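J.: Predicted model, plus sequence, below.
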Amino acid sequence: MRHLICGLEVHAELKTNSKMFCGCKNDPFGASQPNIYTCPVCLGLPGALPVANKKAIEWTIKLGLALNCKINLFSKFDRKHYFYPDLPKAYQISQYDLPFCENGFVETSEGRVRIRRIHLEEDTGKLLHKTIDGNKVSLIDFNRSSVPLIEIVTEPDIHTASQAKEYAKKLRQILRYLDIANCDMEQGGMRLEANLSLANTPDVLPKYKVEVKNINSFRFMEQAIAYEVIRQTELLDKNQTPAQETRGWDMQKQVTYSQRVKEEAEDYRYFPDPDLPPIEFTQTQIEIMRKLLPELPDVIARRWEHDFNLDPKNSAYFLETQSGAQWADAVFADAKRNKVEPNDVANLIINKKVTVDQTTPVTEVIEKILAATRTDQLDPNLVKEAINSIKNEFPTEWQRYQAGDKKLLGFFIGQLKKKINQPLDPKQIIELLNK
Amino acid sequence: MTKKPISLNTVTIKQALTGLQAKDFSLAEIYEATDQIVAKQNKDLNVYLATNEKASVEARKVAESPLAGLPIAVKDNFGTIGLPTTAASLVLDGYQSQYESTVTTKLLEAGGVIYGKTNMDAWAHGSSTETSQYGRTLNPRNTQHLPGGSSGGSAAAVAADMCLGALGSETAGSIRQPAAWCGVVGLKPTYGRCSRYGVVAMASSTDSPGPIGKTVEDTAILLNAIAGHDPYDSTTSQEAVPDFTSFLDKSIKGMKIGVLYHDLPGLDEIWPHFDAATKVLSDLGALVEPVKAFDPHHAIGVYTIVQRAEVSSNLGRYDGIRFGNDRSHFGDEAKRRIMLGTFTLSSGYSDQYYLRAQKVRTLFINDFEKLLKKYDALISLTSPGYAKKIGASEGAAMFGELEDLLLEPSSISGLPGISVPCYRDPNTNLYLGLNIMTPKWQEGRAIQIADAYEKATTWNSWRQP
């Protein structure tokens, strides 16, 4: 029996207004043209200096607190050196030994996944390989250069492909919920990397590690991990050790493929960036930030389960944003007051049986829900009989209604409700009343 | 001023400001005289890599400003719009900065005019101006000798009266050492006093832009123009900027001054001149006594490791893909520094070199802190000798470090310092410099002592009676 040992590295671009180290607009996906959001700093021109974006640092700490991390009161930025045309300074400003956040965790249904660290860095530019006038060229777009990027690294606590998916989805939920990242996966706003190997004994790290990089969907990640488990098992069964390498996911062929074999750890020659003074916080500042955190999705889900008997599977849909959660909270409470099962409400909304969203006033939601749940038509004769008897009881009102006083519709529906004492289909009632 | 000087390029900034106000002479006359001397001497001295054709026109537009449109020479590592910025390296041959450095922006705002860009050691790597890929600059005091460096062009421009004042930058001696060798005044401000934004980065944790002038007073006037916090440089300080000219003409009576590094061997001919300088300070009422400080030789190790590491990182961007020429255009000195820095930052070695160097650096910082609690200022020779002969740096990889031995300890500690001429050898016409160091943010006190010293002696060639 072999055990999957897997850790995830997730990158997410923060949605601050400006970039990480300069005042340029942070909107690489919305840019109408390449290289319009650039300046000497994010182009790495001679003499340019970085100035750290405070908001991005605060947001990183906010995430760290939401993921139960310890916040380092003393942090710094370091230079990570490598050469690539999309990296204009030939180093990336990142964090090495003193990241903002360390030692947190995320709970999944298959167990706790510990967070080793969360650090803040800058994104690179983007290379575009094109053929122009018959020549193959590489173009660089620096709109993305120096966009704030957080990296969340787990311990190797993930033991199944589905757990990896659940963890990553939860992470995205929190990032979106805190309103700090859009996590648009197709455009690379959130990027997943899995480090994995198979062990004979759980918790004993094998001597090799395979890295699957640049996965841009949760499903592909699940598939890639599942594929790797089979591939590595086959190799190990033949007494071979899988190569220490970086692999990519080919979604057409549904296989991983080797991209780069790592002979030894890359040497990034990290050292503290002398352009950026260290960042210091007091414990009081951190506690204030902790107090300002909103009620988090996990906590709300537990509360909903307790207060509304809401199936935890249904919670996630309503926990994408803080405003959405607040709206859902009010909707479920209103449903409970109206003796409607919040779970039914949740199902109807999730399955799009009623078209409501957080812009819909809460009272209206319940009306729509009621309308949707009472579509079972009553025996028309029963209704007709009831209508006739009401006509006789209230002749004046009936005459006025017939004469066009539509305000009396509510009155007659009320009377019918009393008489029939069963859920009514408003459509059917109106139809029969108007006959 | 009652009498017009022979040539108006030889006036100090202060004299020019006073004379212009009194209408003793015109701005046009200053430019005419400066243009003449530059036309006559630049070819031989190789001071300017580029001159501003529109300088006198620009000057007229700002005649009413604090610096009145006076011609200022700027080291070629400051990014300037309209003039090339090469840092004296062929990698940046013809490079035009798309933006103006903060310090030159401030200079322009104060009404200074960039007269030209001065030669320097390529990338500011060196203390001779011999590593410039556009040829060495000669010392105007004696053309058989070097001007020092890396701000050699700026110091020479001042010494040769090819400008009224100049801007340089120092990581460890690059303002003060050439100032001493050229017989001018060089002020290295506290690290973080003047913005590095737009200055081609050399050693980011020590780079300090600063003024070079004919007199202490002139450096104070220039520092007033360029100092201050810059939102584009997070390492600049929010510390209040005083009026540095308010420290001029003040007594230094009762100040405690410690004398450093008086035990350096091989300087027997020089010590009497230095001792004469300390005596002047005593005569002015200061309490001068020798003190023991950390052996400056250790600073060479620290500086060499930290500076090379930062250089190797800062020069990585010069790949010739987006601007400039490719790496084959780097000179030997830059290549040596890149290789050494890359090595010391390598995994497995950075603990041994970079981290240890930073620890020793902290020891220097603590040592100075302790000394400067006891003393108002510390003094030493600026350079352990006179300007070296041309060619002296060739084949001497550690040339700069040995020449800057006495300045590196305070530089790696971020302290300010000023070098004033304290002796002229009548045979060679070469100068020695007195280096005055004060606590962080106390440039004013260094100016006060230097000004008092300058005015009590005859070594300043612009203050000849």
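T.: Right, received. Where do you want to start?
J.: pretty sure residue A:153 belongs to a strand, no?
T.: Yes. Per DSSP: H, G, I helix; E, B strand; the rest coil, residue A:153 lies within a strand segment.
J.: which residues does it form a beta bridge with?
T.: With DSSP bridges as the criterion, residue A:153 is bridged to residue A:9, residue A:117.
J.: May I have the phi/psi pair for residue B:237?
T.: Dihedral angles of residue B:237 (phi, psi; degrees, to the nearest 10) stand at phi -100, psi 150.
J.: excluding its backbone neighbours, what's nearest it?
T.: Excluding its sequence neighbours, the residue lying closest to residue B:237 (CB to CB, 6 or more residues apart in numbering or on different chains) is residue B:192, at 4.3 Å. Any C-beta I mention is one placed from the backbone N, CA and C, and that applies to glycine too.
J.: Tell me how far that neighbour lies from residue B:408.
T.: Counting by CB to CB, to the nearest Å, the gap from residue B:192 to residue B:408 is 18 Å.
J.: Kindly report the residues of the stretch 51-200 of chain B close to chain A.
T.: Residues of the stretch 51-200 of chain B lying close to chain A by CB under 8 Å from any CB of the partner chain are B:77-79, B:85, B:87, B:92, B:95, B:97-99, B:101, B:196-200.
J.: What remains of those residues if I keep only buried residues?
T.: B:77-79, B:85, B:87, B:92, B:95, B:97, B:99, B:101, B:196-200 (16 or more other CB atoms under 10 Å in any protein chain shown).
J.: before we move on, back to that, between residue B:192 and residue B:408, who's got more neighbours?
T.: residue B:408 (27 against 21; other CB atoms under 10 Å in any protein chain shown).
J.: coming back round to it: do I have it right that the residue nearest to residue B:237 meets residue B:414?
T.: Yes. Between residue B:192 and residue B:414 there is a contact under CB atoms under 8 Å: 7.2 Å.
J.: now the strands: where do they sit in the stretch 151-300 of chain B?
T.: B:165-170, B:185-188, B:208-213, B:256-259, B:287-290 (DSSP state E, counting those that start in this stretch).
J.: got those as TSV, with distance to residue A:239, mean pLDDT and mean neighbour count columns?
T.: Written out in TSV, the entries for the strands of the stretch 151-300 of chain B read as follows (distance: least, CB to CB, whole Å; pLDDT from 0 to 100; neighbours: other CB atoms under 10 Å in any protein chain shown):
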stretch	distance to residue A:239	mean pLDDT	mean neighbour count
strand B:165-170	63	97	31
strand B:185-188	66	98	34
strand B:208-213	62	98	31
strand B:256-259	73	98	19
strand B:287-290	75	97	14
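J.: can you redo these as TSV with distance to residue A:296?
T.: Output for those, formatted as TSV (distance: least, CB to CB, whole Å):
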stretch	distance to residue A:296
strand B:165-170	50
strand B:185-188	52
strand B:208-213	47
strand B:256-259	59
strand B:287-290	65
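J.: Residue 326: how many residues sit nearby?
T.: Using chain A. Look at residue A:326: counted by other CB under 10 Å, it has 15 neighbours.
J.: switch to chain B, that's the one I care about
T.: Residues lying near residue B:326 (other CB under 10 Å) number 11.
J.: what residue is smack in the middle of chain B?
T.: The geometric centre of chain B, computed from its C-alpha atoms, lies nearest to residue B:175 (CA atoms, centre = their mean), at 1.6 Å.
J.: So that residue versus chain A, what's the distance?
T.: In this view, residue B:175 and chain A are 18 Å apart by CB to the nearest CB, to the nearest Å.
J.: What distance do you get for that residue to residue B:296?
T.: Residue B:175 sits 18 Å away from residue B:296, going by CB to CB.
J.: Can you name the residue of the stretch 51-200 of chain A nearest chain B?
T.: residue A:90 (2.8 Å; CB to the nearest CB).
J.: you'd agree that residue is up against residue A:124?
T.: No. In this structure residue A:90 lies outside contact range of residue A:124 using CB under 8 Å: 11.3 Å.
J.: Which helix or strand contains the closest residue to residue B:114 other than its chain neighbours?
T.: Sequence neighbours aside, residue B:74 is the residue nearest to residue B:114 in space, at 5.1 Å (criterion: CB to CB, 6+ apart). Applying DSSP states H and E as the criterion places residue B:74 in strand B:71-75.
J.: So which other helices or strands are in contact with the helix or strand following that strand?
T.: Note on strand B:71-75: by DSSP H and E, the next helix or strand toward the C-terminus is helix B:102-109. Judged by 3 or more CB pairs under 8 Å, 6 or more residues apart in numbering or on different chains; DSSP states H and E, helix B:102-109 is in contact with strand B:71-75, strand B:113-118, strand B:165-170, helix B:216-226.
J.: Can you name the residues that contact the residue of the stretch 51-200 of chain B found nearest chain A?
T.: Taking CB to the nearest CB, chain A has its nearest neighbour within the stretch 51-200 of chain B at residue B:198, 4.2 Å off. By CB atoms under 8 Å, 6 or more residues apart in numbering or on different chains, the contact set of residue B:198 is A:40, A:47-48, B:78-79, B:97, B:99-105.
J.: list the contacts for whichever residue of chain B sits closest to chain A?
T.: The minimum distance from chain B to chain A, using CB to the nearest CB, falls at residue B:316 (2.8 Å). By CB under 8 Å, 6+ apart, the residues touching residue B:316 are A:81, A:83, A:89-91.
J.: can you give me the strands in the stretch 51-200 of chain A?
T.: Under DSSP E, counting those that start in this stretch, the stretch 51-200 of chain A gives strands at A:70-71, A:74-75, A:78-81, A:91-94, A:101-108, A:111-122, A:126-132, A:135-141, A:148-154, A:190-199.
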